[in-house]
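> here is my input, please return the structure:
(2 chains)
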Amino acid sequence: MAKFIERSAHQHASDRARVFMAAGSDQKQKEKAKGGGDSGPEGGSGSSKKIAKKGEEIKEDMDSLLDEIDSVLEENAEEFVKNYVQRGGE
Amino acid sequence: MAIPTIMGTEIEYGIIVKNSPDFDPISSCVLLVNAYREDPEGRILWDYDQENPLADARGFQVDGEKYTPNQQENIARNKTLINGARYYVDHAHPEYSCPEVTNARDLVMHEKAGERVMEISRREATELLPEGALMLLHKNNSDHKGNSYGSHENHLMDRRASFKRIVEHLLPFFATRQVFCGSGKVGSENRAKRCDFQISQRADFFETEVALDTMVKRPIINTRDEPHADREKYRRLHIIVGDSNMSEYTIYLRSGVTALILSMIEDGAIDQDLVLRDPVQSIKDVSHDPSLKQEIQLDNGKKMTGVEIQTAFLEMALTYAERNPVDDAVREVLAEWQEVMTLLASDPMELRDRIDWVAKKALIESFMDRQGLDWKDPKVQMMDLQYHDTRPDKGLYHMLERQGKMRRICTDEEINNAVFRPPADTRAFFRGECLRRYPGEVFGVNWDSISFGVDDDPIKRVMMNEPLKGTQAHVEELLDKSENAKSLLANMD
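This is a model prediction of the structure:
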C-alpha cells in the first residue's frame, strides 16, 4: 500500500511538469489564435508557417492521445459492455 | 445568518470481476473492503444505534425495518479510517463516505483520497483472486442497463430553514446544475427517450420530486432527516440527484456552488421565481440536450434553458456576495462559476479541460472521428465506462489528467496525505486521531459518536453533536497528553 502511494507521489512530480508544459503550449495556442503576437493577423508568410506548424503540433498531440486510448481501451469491448451488469444501489 | 459549511460525499462504485464466471458482487465487496487494512485486528464496529434512516424531513417517521447487522457481519462490512472516513459495503457496492469538511477544496482532496483507497484495495483484492481474475472498479452511476447506484452529497443546514422553502428553491437548481456538474453518458436507459449522448449519468432515473426513497422511484429531493448532529439545531440535506465526478474541477464547482446556494436559502436570498412546471421531466430534457438549447417550462409561463436558470442563480449569488460577509474560499468558487457559466453560454466545448461531461464528449467524438465509429459502437460505450475506471494506467480520465489535459484543484501529494490524515477543522479530526492513536481501545464509531472499550469497564460513548467541535485546535493538546484511551477519558472528565 505504502509503495503505491510513494509511486504516485513520485509520478506527481513528472505529472506536474507535464501539466506545466501543456499549460505553456495552451497559452501559446491562445496567443496564436488572437493573431500571433506582434505580427498581427495580416502577418507575413513566416507567421502563417508558424500557424501551420502549431496546427501540426496540435494534431500530433491529439493523435498521440487517440493512440493511447487505442492502446488502453479494453480489447474485447463488445463482450465487456455486454457483461457489465450492476445491482441497483443506494 | 447562514451556518458555516459542513459537507461530505458518499460514493458507491461499480464493481466487476473479469474472468470469473461465479462473480458475486456482495462477496467481492467484502473482499475489497477487507483488503484495505489499517486496523490490524479489524474489530471496530460501526455504531448503528446512532442511525435513523426512516425519519422524514417533512416531520414524520416512515414505517419500515431498520437494518442492524450482527457483530461479525458489522465488522466484515465496515471500516472506519484514520482519516475520519467510513469505507464499507452498501448492498452490492463498495462505498466511501469522506470525512466532514468545511470547503470545496478539502472536499475534492478527500473525495479523491477515497478513489485512492478504492484503488489500493482493488489491487490487494485482485491478488487474492484466482489467477487470471481481475477486479475492476468504476466511479460511475449506471451500468447502462437500467441499474443505478448513487453519489450522495451531504450538507449540514440550519434546522430553522423551512423544508418547504428548501424544496421550492432546490428543485429548479437540481434539475439544471448538471450543465456544469454532469458526468456525461452515452445513450439513455430506464425507459427514457433515445439519445446518443446526454449530460447526466443519473437524470434518467428520477421519477418523483420529493420522497424518502433512494432505491426505487428516486426523488430529486430526498427527505431523509438524519442530521448526525444536534437535531434541534441542524438538518442534513441528503442530496441524491448528482453524478459521480472524476474531474477535480467539477467536484470543486459542484460542491462549492451547492454549499453557497444552501447558505443563500438559509439567508432568504433566493428572490427570483424559478419554479418549474415539471421538474422530473425537465431534469431529463436538460440532460438529453448537450447543445444546451432546450428550453424548459416554468410554472409562471416563462421558458428558460438550463444555462439561463443557472445564470439566474449565479446573479442572485453575486448580489448575495456583495451584501453579506463571504469568505475568500467562497469568492473563488463564485469567480470560477461565473467563468464557467459564460463559457457554457458561448462555447461549452472550451470546458473540456474542466467539466466531466464536456471532457468525455470531446474525447469520444475525436476517437469516433478517427475510427469512423457511430454512437452505438461497443467501443464508444466502452470509452464511457472506462472514463470512470479507477486504474491510473487504464482509466481514460486518469489518462487525460496524466497528459495534462485536465485542470487540477489539488496536488497528488495533498490527496495522498488525505488518505491518512483527517481534516483539521471538523470533528473528523477527533474521530480519525482516536482511531490512529488508540485503535485497540475504540469499540464503535458513528459520525456523531465514538465509543471506547477500556479493560473491563463498561463501554463509554463520547458524543460529537457539534461538527465544528473536536477540531485539531480543540483536541490536539488533550490527545497529546493522553497516552491511551483510558487516560483520554479521564482527562475529559
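> what does the stretch 251-400 of chain B put close to chain A?
By the rule Cβ under 8 Å from any Cβ of the partner chain, the part of the stretch 251-400 of chain B lying against chain A is B:363, B:366-367, B:370, B:378-379, B:381-383, B:385-386, B:392-394, B:396, B:399-400. Backbone N, C-alpha and C define where each C-beta goes, glycine included.
> which residues does the helix or strand hosting residue B:315 contact?
With the criterion set as DSSP states H and E, the secondary-structure element containing residue B:315 is helix B:306-323. Surrounding helix B:306-323, the residues in contact under the criterion Cβ atoms under 8 Å, 6 or more residues apart in numbering or on different chains are B:172-173, B:175-180, B:257, B:260-261, B:263-264, B:267, B:269-272, B:274, B:286, B:292, B:294, B:296, B:304, B:326, B:330-331, B:334, B:337-338, B:341, B:344-345.
> now, of the residues of the stretch 251-400 of chain B next to chain A, which are buried?
With burial judged by 16 or more other Cβ atoms under 10 Å in any protein chain shown, the buried subset of these is B:363, B:366-367, B:378-379, B:381-383, B:385-386, B:392, B:396, B:399-400.
> in CSV, list the residues you listed along with pLDDT and secondary structure.
CSV is the format used below for these (pLDDT from 0 to 100; DSSP: H, G, I helix; E, B strand; the rest coil):
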residue, pLDDT, secondary structure
B:363, 97, helix
B:366, 95, helix
B:367, 96, helix
B:378, 97, helix
B:379, 97, helix
B:381, 97, helix
B:382, 98, helix
B:383, 98, helix
B:385, 98, helix
B:386, 98, helix
B:392, 96, coil
B:396, 98, helix
B:399, 96, helix
B:400, 96, helix
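> between which two of those is the distance greatest?
Greatest spacing in these, by Cβ to Cβ: B:378 and B:392 (24.1 Å).
> list just the nearest of the buried ones among the residues of the stretch 251-400 of chain B next to chain A to residue B:429.
Looking at those and their distance to residue B:429, the nearest is residue B:392, at 28.8 Å (Cβ to Cβ).
> sorry, back to before: of the contacts of helix B:306-323, which belong to helices?
When the contacts of helix B:306-323 are checked against helices using DSSP state H, the ones located there are B:172-173, B:175-176, B:178-180, B:257, B:260-261, B:263-264, B:286, B:330-331, B:334, B:337-338, B:341, B:344-345.
> would residue B:168 count as being in a strand?
No. Assessed by DSSP: H, G, I helix; E, B strand; the rest coil, residue B:168 does not belong to a strand; its assignment is helix.
> skip the chain neighbours and tell me the closest residue to it.
Closest residue to residue B:168 apart from its sequence neighbours, by Cβ to Cβ, 6 or more residues apart in numbering or on different chains: residue B:275 at 6.4 Å.
> how many neighbouring residues does that neighbour have?
Number of residues near residue B:275 (other Cβ atoms under 10 Å in any protein chain shown) recorded here: 13.
> what's the answer for the one 10 residues further on, then?
Residue B:285 has 18 neighbouring residues, counting by other Cβ under 10 Å.
> quick check: phi and psi on the residue of the stretch 101-250 of chain B found nearest chain A?
With Cβ to the nearest Cβ as the measure, the residue in the stretch 101-250 of chain B that lies nearest chain A is residue B:149; the distance is 3.1 Å. Note on residue B:149: its backbone torsions stand at phi -140, psi 160 [degrees, to the nearest 10].
> for it, what are its contacts?
The neighbourhood of residue B:149, defined by Cβ under 8 Å, 6+ apart, consists of A:86, A:87, A:88, A:89, A:90, B:12, B:13, B:14, B:93, B:141, B:142.
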